[in-house]
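Visitor: Here you go, sequence then predicted model.
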Amino acid sequence: MISKFIKTFIFCSLVIFVSCKKNTSETTKKTMSENILIQEWTGPYDGVPAFDKMSIEAVKPAIEEAMALNLIEIESIANNEEPPTFENTIAAMERAGKPLGRVFAYYGIMSSNVSTPEFRTVQAELAPKLSDFRSQISQNEKLFQRIKAVYEAALENPLEDQEQRVVELTYKQFEMNGANLDAEKKKRYAEINKELSSLYTDFGNNILHDEENYITYLTEDQLGGLSDGFIKSAAKIATDKEEDGKYAITNTRSSIDPFLTYSTHRELRKRVWENYYSRGDNGDQFDNNEIIVKILKLRKERVGLMGYDNYAEWRLQDRMAKTPENAMDLMMAVWPASIARVKEEVTDMQTVANELGDNITIEPWDYRYYAEKVRKKKYDLDSDEVKQYLQLDKLTEAMFFVAGELFNYKFTPVPEGTVPVFQEDVKVWEVTDKTSGKHIGLWYLDPYARQGKRSGAWATTYRSSSSFEGETNVLASNNSNFVKPAPGEAVLVSWDDAITFFHEFGHALHFFSANVKYPTLNGGVRDYTEFQSQLLERWLSTDKVINTYLVHYKTGEPIPASLVEKIKKAATFNEGFNTTEYLASALIDMKIHLADPENMDVDTFERETLNALGMPKELPMRHRTPQFGHVFSGEGYATAYYGYMWADVLTSDAAEAFKESEGGFYDKDVAKKLVKYLFAPRNAMDPAEAYKKFRGRDAKIEALMKDRGFPIK
């Protein structure tokens, strides 16, 4: 997942771009303070963020100053007496906002990676101010008229491809953000955005509160089924929280997944499961249900000002799906096969439970536990055995190998202390071209879960590629939530976590390989930008990776061929669970935005909608509504969570291109087309057109159904 924070400000602020190039205008230089968060980046690699010097106290004054500087730039563009041209309007906007872009790099880290209660207070104070700031830009009538003039002129006399694309995207973003409204409606539009900004902040902070405060502490007699590595890590976490002699199961997916898979204590599994799936839904001051209703009402009112019936209709107009109906058609084409597979999986699990004499009926907190037993029975495959060959360090090397084969990149560790980092566990690599030695950028890795870090995994950039003012290097990062091991222990991860690790690295490679002229073109289309990262997941299971990088963490012996064969045979095992828990969230996201939010009870809506869909009772949505941060702590994935499925159709179809080639997944000719058409253009080319250039045709759903082991009609 791309960082929510960076997406929000790239796609909603319209003219704030995290390019951070060292060419701030003379006017800005003269007025800029000495606040470290706003200053140009210095040091090696064309300047890097001073993460070691950032402070919460500096955040608010830095953002307020940077907003003021940006508004001066915008007013200068809007009030230019010269006739509007691409250069004095669109290109000028592309140059604007660099100080604020630098501040946002720090702000994003403090929000996502090292949040504290003190920072959250500042964040809440800034949310409405940032909303006001964005409205001052999106509702600047003089600015919009200049943009509109350039846009209409470009329709008559098209510009060069990238110039034409950035004009169209800029105009569309202003139009979608209410630039064509009358004065009264613009005022209400801005008021709604201001209210929403505070609600989004509250929603995200409520989830973080429940993740930090619902911890299950185990005693030694409650460790049945858990691995030695997991136990040692849980003991260290408990000690760090001043609970010596206990074992902590934190309320994050990286902690609860292995516990639910292996713990032999059913009542504890139930407690841990309920803690996790009740985040934001505990009926206290951190409950998100009322916030969701407020968000839905405001979103509906806002798009109604522009004549749209619902939020989904407005949101999807510039996505690949185009309409809610198209997105729903895709999801419902897969849903019946998905829930049918769940029924088969539950039957298999119940059979195993009966054979063991467990005298239970499968419940959601049992699914992972008995699925693992079915895996062993049907495929003689033990997930814990597979983990012994999945070391985080070796997986990192494997990703570097794939990047070298496909993109010709080389990753070299940056000596500790050379580049400032925001936490001691963060490591940095330099990325260069293997052949020419050309510097591409830096890759930061923040691998471990900790208090103040949001859950999940994501990728983001601190500086993106552009060339219209001179070529910039890329500063990109991957962020995970692996449980930090006890000293001297290897970090062993599950196969699913290894796939996610490759997925997020795919986003980073998408950043590094960008070949775009203007910062706006580094943005993306939500149901397309997950495609590239989902595609990179496929290289984890290639023979070159498996045979070289999957080695036993103690003996160094390569993974046995017999175990590899079991993994491949079980490739579609539990696909009913994986697809259904995801699709349930995507369907609720779409349906809740198509529904009337007046008098809505969120829990009731969720339950009744899932019942109507035939949702199996034995598993939950991947993200229950009160904790659905993708959708309600911002707008990046709102009515767009289906995008993972849309992108997976492209992924499965594109993978077929490699399978059909002479060199398989390492075919040089197909790899060149991959980089040229699917990675380098970012949003400089229409995604549908780009995919056709790569594949020679549109993607077909049949490949996705085949990949998941579902019947093809």
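Guide: Received it, and whenever you're ready, just let me know what you need.

Visitor: Next, the distance between the ends of stretch 206-219.
Guide: Stretch 206-219 has an end-to-end distance of 29 Å (Cα to Cα, to the nearest Å).

Visitor: can you check stretch 219-232 too?
Guide: Its first and final residues considered, stretch 219-232 spans 13 Å by Cα to Cα.

Visitor: for stretch 151-169, same thing?
Guide: Between the opening and closing residues of stretch 151-169 lies a distance of 10 Å (Cα to Cα).

Visitor: So which residues lie in contact with that stretch, not counting its own?
Guide: Contacting residues not belonging to stretch 151-169 are listed as 86, 90, 94, 147, 150, 170-171, 516-518, 520-521, 523, 683-685 [Cβ atoms under 8 Å, 6 or more residues apart in numbering]. Bear in mind the C-beta positions are built from the backbone N, C-alpha and C, glycine included.

Visitor: Work out the gap between it and the centre of the chain.
Guide: Relative to its chain's centre, stretch 151-169 lies at 30 Å (Cα atoms, centre = their mean, to the nearest Å).

Visitor: Flag every buried residue along it.
Guide: 151, 153-154, 159, 162-169 (16 or more other Cβ atoms under 10 Å).

Visitor: again with stretch 648-667
Guide: Using 16+ other Cβ under 10 Å as the test for burial, stretch 648-667 gives 648-658, 665-667.

Visitor: which two in these are spaced the farthest apart?
Guide: Val649 and Tyr666 (23.5 Å; Cβ to Cβ).

Visitor: returning to what we had before: among the buried residues of stretch 648-667, which one lies nearest to Val491?
Guide: Among the buried residues of stretch 648-667, Phe665 lies closest to Val491 (Cβ to Cβ), at 25.8 Å.

Visitor: Which stretches in the chain count as strands?
Guide: Under the criterion DSSP state E, the chain contains strands at 216-218, 247-249, 409-413, 427-433, 439-448, 458-463, 474-482.

Visitor: before we move on, the earlier item: now, which of the contacts of stretch 151-169 lie within helices?
Guide: Among the contacts of stretch 151-169, the members falling in helices are 94, 147, 150, 170-171 (criterion: DSSP state H).

Visitor: With adjacent residues omitted, what lies nearest to Ser254?
Guide: Sequence neighbours aside, Asn481 is the residue nearest to Ser254 in space, at 4.5 Å (criterion: Cβ to Cβ, 6 or more residues apart in numbering).

Visitor: The one you found contacts Asn251, correct?
Guide: No: here Asn481 does not reach Asn251: they are 11.6 Å apart, not a contact under Cβ atoms under 8 Å.

Visitor: what sits against Lys186?
Guide: Per Cβ under 8 Å, 6+ apart, neighbours of Lys186: 139, 178.

Visitor: roughly how far apart are it and Ala149?
Guide: Computed with Cβ to Cβ, to the nearest Å, the distance linking Lys186 and Ala149 is 19 Å.

Visitor: tell me the contacts of Gln362?
Guide: Wrong residue type there; residue 362 is Ile, not Gln. Listed by Cβ under 8 Å, 6+ apart, the contact partners of Ile362 are 346, 349-350, 353, 370, 618.

Visitor: Swap in 10 Å and give it another go.
Guide: 345-350, 352-353, 369-371, 616-619 (Cβ atoms under 10 Å, 6 or more residues apart in numbering).

Visitor: got a pLDDT number for it?
Guide: pLDDT for Ile362: 98.

Visitor: cool, Ile63 as well?
Guide: Confidence score, pLDDT, at Ile63: 97.

Visitor: end-to-end on stretch 551-565?
Guide: Start-to-end span of stretch 551-565 (Cα to Cα) is 15 Å.

Visitor: Flag every buried residue along that stretch.
Guide: For stretch 551-565, the neighbour count (16+ other Cβ under 10 Å) marks 551, 553, 558-559, 563-564 as buried.

Visitor: ok, back up a step: give the residues shared as contacts by Asn481 and Asn251.
Guide: In terms of Cβ under 10 Å, 6+ apart, Asn481 and Asn251 are both contacted by the residues Ser455.

Visitor: So in this protein, where's the weakest helix or strand by average pLDDT?
Guide: Counting by mean pLDDT, DSSP states H and E, the weakest-scoring helix or strand in the chain turns out to be helix 4-12, with a mean of 34.

Visitor: circling back to that earlier point, between the contacts of stretch 151-169, which is closest to Asn79?
Guide: Distance from Asn79 was checked for each of those by Cβ to Cβ. The minimum falls on Ile147, at 13.9 Å.

Visitor: Identify the residues contacting the closest one.
Guide: Contacts here follow Cβ under 10 Å, 6+ apart; on that basis Ile147 touches 14, 77-78, 84, 89-90, 93, 140, 167, 170-171, 173-175, 179.

Visitor: My guess is the residue nearest to Ser254 contacts Asp425. True?
Guide: No: with contact defined as Cβ atoms under 10 Å, Asn481 and Asp425 do not form a contacting pair (11.7 Å).

Visitor: So those two - more neighbours on which side?
Guide: When neighbours are counted by other Cβ atoms under 10 Å, Asn481 and Asp425 differ, and Asn481 comes out ahead with 23 against 12.

Visitor: For Ile2, give me the pLDDT.
Guide: Among the per-residue scores, Ile2 holds a pLDDT of 48.

Visitor: How about Gly456?
Guide: Each residue has a pLDDT score; the one for Gly456 is 88.
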